[in-house]
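1. Quick one, what's the 3D model for this:
(4 chains, ligands or ions: 4)
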There are 2 protein chains.
Amino acid sequence: MRSTKARRDILDLFHNEDVPLSADYVYELLNGEYDRSTIYRNLKNFENNGKLRSIVFSDKITYFYKGSEHFHFIYCVKCKKFERFDLCYSESISKYITENLGYKVLGHTLYFEGICKNCQEEMKK
Amino acid sequence: MRSTKARRDILDLFHNEDVPLSADYVYELLNGEYDRSTIYRNLKNFENNGKLRSIVFSDKITYFYKGSEHFHFIYCVKCKKFERFDLCYSESISKYITENLGYKVLGHTLYFEGICKNCQEEMKK
DNA sequence: TTGCTTTTGCAAATGGTTTGCAAATATTAT
DNA sequence: ATAATATTTGCAAACCATTTGCAAAAGCAA
Ligand SMILES: [Mn+2]
Ligand SMILES: [Mn+2]
Ligand SMILES: [Zn+2]
Ligand SMILES: [Zn+2]
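-> Ligands and ions are numbered 1, 2, ... in the order given. Down below sits the predicted model:
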């Protein structure tokens, strides 16, 4: 992997951000400075290198995020923003699946959908 | 909703089946007897009527399944099949999210990926 | 059956993502 | 620093699951 301006700029967006970003949003954050194919290719590269992770929500869009720890997201269906939370009981479920169904578990996806505090207040007005 | 042969045939596929089916697979199971648009339209109708539910996995394909109870799936990345399991701790997570983050929780998505018993044995050969 | 409404098939459109290819850029060797 | 080599980029076209407009076909109540 060579170091290019595109790659540095893209990765910088994730530095102090633990919420997932779509390729399209990355494109916008960089003011269209790079072609979408460049964004897509590099996000995927970063994922293969372990620098980013990705998740697909029910909107079928791939979102990328940084983070080596294990955590999950709740998505606000009103303002379309994510928030991270660190609770997860999948260890025990994973154990159950291994022992009772015989699977070798490789991973899991867990996310919540709801309406955030702000949006609830907006709706009351 | 009128009763048509297409609708009866489609819904029949889900009767004794609690694993998710994609529109394309439904199309194949019915030997291409109906146009894909008919399949897509009706699956979505069934979902809106509460006769089916849907879930999007990391492959970005919508899968439909029948079931009023709450359960989840594990997906075998080798043979691309699903198996249902009934364990879920999201009640407590939901409570956490409501109380600590202020969200009104509408739902959650949880699924596991792994390698099933059969496929593990296949790999040993 | 008639008449009205919903559903279907077909073809074209959609939208996020991927890909081939030639030009541009980063890296390495001279 | 320059030239040679390998990688990356931009552009346009392709992909692929899904959706949509529209006219023909099918369901349904009377
Ligand atoms: Mn987890
Ligand atoms: Mn659950
Ligand atoms: Zn919100
Ligand atoms: Zn398997």
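
2. And residue A:80, what's its pLDDT?
-> For residue A:80, the pLDDT comes out at 84.

3. That one - that's part of a strand, no?
-> No. Read with DSSP: H, G, I helix; E, B strand; the rest coil, residue A:80 is coil and lies in no strand.

4. Please identify the buried residues of the longest strand along chain A?
-> Counting by DSSP state E, the longest strand found in chain A is strand A:104-115. If you call a residue buried by 16 or more other C-beta atoms under 10 Å in any protein chain shown, then strand A:104-115 has these buried ones: A:104, A:105, A:108, A:109, A:110, A:111, A:112, A:113, A:114, A:115. From N, CA and C alone the C-beta is placed, and that goes for glycine too.

5. wait, does that strand make contact with ligand 2?
-> No. Using C-beta under 5 Å from the ion, strand A:104-115 never reaches ligand 2; the gap is at least 8.6 Å.

6. CA-only coordinates of the next helix or strand after that strand, as PDB, when you get a sec.
-> Toward the C-terminus, strand A:104-115 is succeeded by helix A:117-124 as the next helix or strand (DSSP states H and E). Taking Å, rounded to 0.1, in the frame of the first residue of the first chain, the C-alpha atoms of helix A:117-124 are listed here in PDB:
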ATOM      1  CA  LYS A 117     -33.500  11.900  22.300                       C
ATOM      2  CA  ASN A 118     -33.300  15.000  20.100                       C
ATOM      3  CA  CYS A 119     -35.600  13.600  17.500                       C
ATOM      4  CA  GLN A 120     -38.100  12.600  20.100                       C
ATOM      5  CA  GLU A 121     -38.200  16.200  21.400                       C
ATOM      6  CA  GLU A 122     -38.500  17.500  17.900                       C
ATOM      7  CA  MET A 123     -41.600  15.400  17.400                       C
ATOM      8  CA  LYS A 124     -43.300  16.700  20.500                       C
END
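
7. Leaving aside the residues adjacent along the chain, what's closest to the closest residue to ligand 4 within chain A?
-> For chain A and ligand 4, the shortest gap (C-beta to the ion) falls at residue A:103, measuring 8.4 Å. By the measure of C-beta to C-beta, 6 or more residues apart in numbering or on different chains, the closest residue to residue A:103 outside its immediate chain neighbours is residue B:114, 4.1 Å from it.

8. ok now do the one you found, which residues does it touch?
-> By C-beta atoms under 8 Å, 6 or more residues apart in numbering or on different chains, the contact list for residue B:114 reads A:97, A:103, A:104, A:105, A:106, A:107, B:74, B:75, B:76, B:77.

9. how much does the longest strand of chain A deviate in direction from strand B:104-115?
-> 170 degrees (axes from the mean of the first three to the mean of the last three C-alpha atoms, to 10 degrees).

10. Compute the distance between residue A:121 and residue B:109, please.
-> 26 Å (C-beta to C-beta, to the nearest Å).

11. and if you look at residue A:55?
-> Residue A:55 sits 10 Å away from residue B:109, going by C-beta to C-beta.

12. Overlap of the contact sets of those two?
-> Counting by C-beta under 8 Å, 6+ apart, the contacts common to residue A:55 and residue B:109 are A:109, A:111.
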